[in-house]
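[1] structure for this input, please:
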Amino acid sequence: MINSLNWFDLSILALYAGVLIFIAYYVSREKAGHEKTAEDYFLASKSLPWWAVGTSLIAANISAEQIVGMSGAGYAAGIAIASYEWMSAITLFIVGKYFLPIFMAKGIYTMPQFLENRYDRRVRIVMSIFWLTLYVLVNLTSILYLGALAIEAVTGVDMVYAMIGLAVFSFTYSIYGGMKAVAFTDVFQVTLLVLGGLLITYLGLEKIGGDQGIVHGFKTLLDTVPEKFDLILDPSNPQYQNLPGISVLIGGMWVMNMSYWGFNQYITQRTLAAKSLQEAQKGIALAAYLKVLMPIIVVLPGVAAASLIPGLSPSDRAYPEMMKLLPHGLLGIVFASLVAAICASLSSKVNSISTLFTMDIYKLIIKPDASESHLVNVGRTAATISLIIALVVAKPLIGKSDQAFQFIQDFTAYFTPGIVLMFLFGFFWKKATATSALVAGISSILLSIAFKEFYPSLPFMDRVGLVFLICAALAIIVTYAAGGKDQENAIDLKGINFKTEPVYNIACAGVVVVLIAFYSIWW
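    Numbering: from 1, shown residues only. Got it, this is the predicted structure:
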């Protein structure tokens, strides 16, 4: 039963849902006589403008696991968790300059497809299965669970019904239209997300500051919870295990970010759908600046909650509890923005799951001669089944964690070092073999489990960096043991255009200057 939203809030939510569905079906319509192809469905006909690419990247990234999860991490650890966002901004520019030109030159649909082009089919199939498992059992489940947690806290609706509602709504607007529907609705969703996040931050600081306004509120926050404003944590901090000091700047964080922003299907798929490389790079620059802004929207509410509502358990309840402070009307806007973020990311991951299964499993192994329309239908079916599976396993898998964001990072870190090595060696080392790539991938999992079991005090981010170095050494040994010769399918980098436009370079320099200023102030 709804117990916190009134008719005005519900009207805003209904308006949001109606506008979203209208946009999705409007942009997805086909010209008379044109049958939707796999490229139309999975890559939006490669027609996305830069502003759609940039906003869609953020919408895919900022979901319940980011808003609810990072606010919870902000409640527990403070602003140090913002390093994930700010280091991502720099990573995005690296991806746009050095990785994206290679992907677009190869004309691929999926990340495993690139791995087959560079290595062999074994690598493609193994990584397709891995990513499908990760996206369904970790990503979809976390979005559904944390989204439902927020909805239950604000409305009183049981989590099971909230998860079903989110899944059905996402299905309604994204399954039919594919990537084009997802990308263009993301523009609307991100606008609402930013507005809602800024509102809750503003009103939270205003409540702390009282009659003296938000500036005084921020100063009061600095005085009441000063420990929450340490950007680089020392070993005495209880959250050091999650954010181990200087490692967030020079260690495993880089490996995590390279994997997420450079080699992650549901992220990279947006850039592959751009009109051109230049449009994709402009979109990446937009996303980078939005990442600089994100801590104000997703971390600061959690820090404010530490002052206003001490003693919360689990800490992931920080954002939903902050929403309860809002007056009706504004509550409807912020609630709609939260639902927007959840559904945007949910639809993004579902679309990428359908792409991976259809192009890397079904077309590759089951029915290579499938028609375009058949592939589109298979993609829709795969998307539907993935949502059903996630609904069933979400609560048992994610519900045990106090900080779901950190749980997701820790789990993903088992695989991350191997994935990054596969791609970096595939890009820039002509001698790298398919066997060395598989050794790196498998060793990453086994070594991570071993360190977790026998060296549990090692912070997971330090573990990522250490496993990365060991896996690199193993891959090099395996490569030279096989003869150490240049591979026939190695990438000819001379044929790739890595040159970027001046506006891209200036934008990159601007982000670097801003981040140096931030870390100089709060180190």
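
[2] how close does L474 sit to D462?
    19 Å (Cβ to Cβ, to the nearest Å). The way it works is simple: take the backbone N, C-alpha and C, and place the C-beta from them, glycine included.

[3] actually H216, not the one I wrote
    Relative to D462, and taking Cβ to Cβ, H216 is found at 39 Å.

[4] tell me which residue is most central in the chain.
    Centroid-nearest residue in the chain: N61, 3.1 Å away (criterion: Cα atoms, centre = their mean).

[5] confidence-wise, which helix or strand of this protein is lowest on average?
    Lowest mean confidence among the helices and strands of the chain (mean pLDDT, DSSP states H and E): helix 404-412, at a mean of 68.

[6] where does the stretch 251-400 of the chain have low pLDDT?
    Low-confidence segments of the stretch 251-400 of the chain (pLDDT under 70): 398-400.

[7] hmm, back to that, list the contacts of the helix or strand just after the least confident helix or strand of the chain.
    As assigned by DSSP states H and E, the chain's next helix or strand after helix 404-412 is helix 416-428. With contacts defined as Cβ atoms under 8 Å, 6 or more residues apart in numbering, helix 416-428 is touched by 98-99, 102, 114-115, 118-119, 123, 127, 255-256, 258-259, 262-263, 432, 436-437, 440-445, 447-448, 464, 467-468, 471-472, 475, 491, 493.

[8] tell me which stretches of the stretch 351-500 of the chain form helices.
    Taking DSSP state H, counting those that start in this stretch as the test, the helices found in the stretch 351-500 of the chain are 372-398, 404-412, 416-428, 434-454, 460-481.

[9] in the first one, what counts as buried?
    Put plainly, it is helix 372-398. Residues 375-376, 378-380, 382-383, 386-387, 390-391, 394-395, 397-398 are the ones in helix 372-398 that count as buried (16 or more other Cβ atoms under 10 Å).

[10] farthest pair within those?
    Distance extremes for the buried residues of helix 372-398: the farthest pair is L375 and K395 at 32.9 Å, using Cβ to Cβ.

[11] ok, back up a step: distance to G209 added to the helices of the stretch 351-500 of the chain, as JSON lines?
    As requested, the helices of the stretch 351-500 of the chain are exported to JSON lines (distance: least, Cβ to Cβ, whole Å):
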{"stretch": "helix 372-398", "distance to G209": "35"}
{"stretch": "helix 404-412", "distance to G209": "28"}
{"stretch": "helix 416-428", "distance to G209": "41"}
{"stretch": "helix 434-454", "distance to G209": "43"}
{"stretch": "helix 460-481", "distance to G209": "35"}
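
[12] out of those helices, deepest packed?
    Of all those, helix 416-428 carries the top mean neighbour count, a mean of 24, counting by mean count of other Cβ atoms under 10 Å.

[13] quick one, it and helix 434-454 angle?
    Orientation of helix 416-428 against helix 434-454 (axes from the mean of the first three to the mean of the last three Cα atoms, to 10 degrees) gives an angle of 160 degrees.

[14] what's the angle from helix 416-428 to helix 460-481?
    Angle, helix 416-428 to helix 460-481, by the same axes, to 10 degrees: 40 degrees.

[15] state the mean pLDDT of helix 416-428.
    Taken as a whole, helix 416-428 has an average pLDDT of 94.

[16] hey, C-alpha coordinates of it in PDB?
    Taking C-alpha atoms only, helix 416-428 is exported to PDB below (Å, rounded to 0.1, in the frame of the first residue of the first chain):
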ATOM      1  CA  THR A 416      38.500  -7.800 -14.000                       C
ATOM      2  CA  PRO A 417      42.300  -8.200 -14.200                       C
ATOM      3  CA  GLY A 418      42.100 -11.000 -16.800                       C
ATOM      4  CA  ILE A 419      39.600  -9.100 -18.900                       C
ATOM      5  CA  VAL A 420      41.700  -6.000 -19.000                       C
ATOM      6  CA  LEU A 421      44.800  -8.000 -20.000                       C
ATOM      7  CA  MET A 422      43.000  -9.800 -22.800                       C
ATOM      8  CA  PHE A 423      42.100  -6.600 -24.400                       C
ATOM      9  CA  LEU A 424      45.300  -4.600 -23.700                       C
ATOM     10  CA  PHE A 425      47.500  -7.400 -25.000                       C
ATOM     11  CA  GLY A 426      45.100  -7.900 -27.900                       C
ATOM     12  CA  PHE A 427      45.300  -4.200 -28.800                       C
ATOM     13  CA  PHE A 428      49.000  -3.500 -28.300                       C
END
